[in-house]
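Colleague: sequence first, predicted coordinates after that:
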Amino acid sequence: MKRAPKTEGVNPFMKYTGLGMQLGLTIAIFAWLGHYLDGKFATSQPLWTAGLSLFGVLGGLYSVFKQLPKN
């Protein structure tokens, strides 16, 4: 008689770990893109970095909140 492996608690942990990584990568990609555009257009202030970082934060949070359970 084989026992089924205990997987209770593993799935939610992995799901929420993935959400954190998704949020962090979204912010990092948009910040990098802003930094690249600031260098390409030689802006005096990091306007692209600030704007795209904020956009990445808002977009990432929207994505995370859409994936959270509604209970």
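Modeller: Sure, I can see it.

Colleague: which helix in the protein has the most residues?
Modeller: helix 10-41 (DSSP state H).

Colleague: what angle do the strand or helix carrying S53 and helix 10-41 make?
Modeller: For S53, the host element (DSSP states H and E) is helix 47-67. Relative orientation of helix 47-67 versus helix 10-41 (axes from the mean of the first three to the mean of the last three Cα atoms, to 10 degrees): 160 degrees.

Colleague: what is helix 47-67 packed up against?
Modeller: If you count contacts as 3 or more Cβ pairs under 8 Å, 6 or more residues apart in numbering; DSSP states H and E, helix 47-67 packs onto helix 10-41. Every residue, glycine included, has its C-beta placed from N, CA and C.

Colleague: show me where pLDDT drops low in this protein?
Modeller: 1, 4-12, 15 (pLDDT under 70).

Colleague: switch the cut-off to 90
Modeller: In the predicted model, the chain carries pLDDT under 90 at residues 1-22, 64-71.

Colleague: grab the most central residue of the chain for me.
Modeller: In the chain, the residue lying closest to the centroid (Cα atoms, centre = their mean) is L23, at 1.4 Å.

Colleague: surely it touches Y62?
Modeller: No: look at L23 against Y62 with Cβ atoms under 8 Å: they stay out of range, at 10.2 Å.

Colleague: tell me which residues in the helix holding S53 are buried?
Modeller: For helix 47-67, the neighbour count (16 or more other Cβ atoms under 10 Å) marks 48-49, 52-53, 55-56, 60 as buried.
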